[in-house]
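Undergrad: Sequence first, predicted coordinates after that:
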Amino acid sequence: MLTLLLTGMLFLTACDKKGSEPNEKDAVAHISVVDEKGTPQGGMPVLIYDEEGYEKFQQDRNTEPKGFALTLPDGKVSIRLAYQEWFTAGNRQVTFVIREESDPDNYRIWAIGRTVRAGEQVRVDFTLERPATPEVPAGTLLEMFDENNGQTLFGNAVYIDAEHNFVGASRFSFVDAGAVAGLEELKTLKLDGFKSKIPVQLQHGYFVCKDISLMEFPSEKWAMAVASEYATIHVEEWISRGEQTVGAKIRYAVQKLDGNGLPEWGQVFDVKLAGDRSVTIPLPAESTDSECGAKNDTALQFSYAADHVTVRVIDPAAAIGKVYSFAIRSGIRYTEAEIRIAE
């Protein structure tokens, strides 16, 4: 804010000048200052210029004003324009100015002019509409050159081949989410139709999954292990050299798949050998697509309800300390857990 306002300013109140007592010919300006959201701007300097002063200000923004005031915490202040100082020659053009400056080359000015008569009360309402700060796009920018032009690796494996496909190098798979405006639109992971090689398309979004984190269930549906990392990619533009396309600029972010109510990975459920050897496990409330799978289908039995699954050990050779591993899928997520036979 202006340091020049702190010295050499004339406050326009009658008591500031000897012999300038208030009288009915004085004018009063009632000033209010709010931002674009209507929030009062307290402590805001308001500069007051007469005709000659404002003309000079337009040429030199450091021109000293005829008067100055600070708004109160409610964003308002009232200023008396003394008759003897302003109106002995008739009506005056008074300009009220607010100036914000971060450095000599970056400043904003708001000005409101009023024709003011002696004895008049005028309102001056400022709304300070400041330019919105440009949003920084989500994610990290990466220039990926194809295999014939340097072969940039993403995740130490993914690259763009000569035909401009994303290639997972037997470690990653891709899902094309279609045309999107940016990474912000890639909020919900999709696994439908994932491929190990997929065309790079401008302005398309992609999910990139590690193959090791994916599992196919008896229903032939695939799911990703909870707490696994995956990437989202948005293809922003092609990289060209002359008339040749040599790669693509992408913006990416790395995400971690939450459990969304599934048991923690590796959670152990104890059941008694002498009991019915079963445990009831809650499923995510919104889950309408769940299933379980075991390494040994003859050892475990699964019974499903709307909000839970009951897992029962049916192994005739069950014994204390024996452990049975199984997986639970809910939608595109899955977790692995164990049942342990206890005393």
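TA: Alright, I've got the coordinates. Just so it is clear, the model here is predicted, and its values are computed rather than measured. Residues are numbered from 1 along each chain as shown.
Undergrad: any chance you could map the strands in the stretch 51-200 of the chain?
TA: For the stretch 51-200 of the chain, the strands defined by DSSP state E, counting those that start in this stretch cover 67-70, 76-81, 92-103, 106-116, 121-128, 140-145, 159-160, 165-167, 172-179, 197-199.
Undergrad: Which strands or helices does the shortest one pack on?
TA: So that's strand 159-160. Applying 3 or more Cβ pairs under 8 Å, 6 or more residues apart in numbering; DSSP states H and E, we find strand 159-160 packed against strand 140-145, strand 165-167. In short, each C-beta sits where N, CA and C put it, glycine included.
Undergrad: which other residues reach that strand?
TA: Applying Cβ atoms under 8 Å, 6 or more residues apart in numbering, the set of residues contacting strand 159-160 from outside is 144-147, 151-153, 166-167, 169, 200, 247-248.
Undergrad: Reformat the helices and strands packed on strand 159-160 as JSON lines; add mean pLDDT, mean neighbour count and distance to residue 97.
TA: Output for these, formatted as JSON lines (pLDDT from 0 to 100; neighbours: other Cβ atoms under 10 Å; distance: least, Cβ to Cβ, whole Å):
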{"stretch": "strand 140-145", "mean pLDDT": "96", "mean neighbour count": "15", "distance to residue 97": "41"}
{"stretch": "strand 165-167", "mean pLDDT": "98", "mean neighbour count": "21", "distance to residue 97": "56"}
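Undergrad: pLDDT value on residue 8, please?
TA: The pLDDT attached to residue 8 in the predicted structure is 34.
Undergrad: Show me where the stretch 1-150 of the chain dips below the pLDDT cut-off.
TA: Filtered on pLDDT under 70, the stretch 1-150 of the chain yields the residue ranges 1-20.
Undergrad: between the contacts of strand 159-160, which is nearest residue 225?
TA: Using Cβ to Cβ, residue 169 comes nearest to residue 225 of the contacts of strand 159-160, at 20.2 Å.
Undergrad: Show the contacting residues for the nearest residue to that closest one once chain neighbours are set aside.
TA: In this structure, residue 169 finds its nearest non-sequential neighbour in residue 157, 4.4 Å apart by Cβ to Cβ, 6 or more residues apart in numbering. If a contact means Cβ under 8 Å, 6+ apart, then residue 157 has 168-169, 171-172 as its contacts.
Undergrad: Would you list the buried entries among these?
TA: For the contacts of residue 157, a burial check counting by 16 or more other Cβ atoms under 10 Å picks out 168, 172.
Undergrad: Looking at the contacts of residue 157, which two lie furthest apart in space?
TA: 169 and 172 (7.0 Å).
Undergrad: Now for the two: what residues contact both?
TA: 157-158.
Undergrad: Off-centre distance for the strand or helix carrying residue 215?
TA: Using DSSP states H and E, residue 215 maps to strand 214-216. Distance, stretch centre to chain centre, for strand 214-216: 32 Å (Cα atoms, centre = their mean, to the nearest Å).
Undergrad: Now do the same for it: mean pLDDT, whole number.
TA: 96.
Undergrad: shouldn't residue 79 be in contact with residue 67?
TA: Yes. With contact defined as Cβ atoms under 8 Å, residue 79 and residue 67 form a contacting pair (6.8 Å).
Undergrad: higher neighbour count, those two?
TA: Neighbour totals were compared for residue 79 and residue 67, and residue 67 leads with 25 against 21 (other Cβ atoms under 10 Å).
Undergrad: ok, the more buried one to residue 94 distance?
TA: Residue 67 sits 9 Å away from residue 94, taking Cβ to Cβ, to the nearest Å as the criterion.
Undergrad: hey, what's in contact with both of these two?
TA: What both residue 67 and residue 94 touch, as defined by Cβ under 8 Å, 6+ apart, is the set 48, 81.
Undergrad: buried set for stretch 309-326?
TA: Of the residues in stretch 309-326, those with enough neighbours to count as buried (16+ other Cβ under 10 Å) are 309, 311-313, 315, 324, 326.
Undergrad: elements contacting the strand holding residue 215?
TA: Checking 3+ Cβ pairs under 8 Å, 6+ apart, strand 214-216 ends up next to strand 222-225.
Undergrad: I'd like the distance from the strand it packs on to the chain centre, please.
TA: Worked out by Cα atoms, centre = their mean, strand 222-225 lies 27 Å from the chain centre.
Undergrad: after that strand, next one along is what?
TA: Downstream of strand 222-225 (by DSSP H and E), the next one is strand 229-241.
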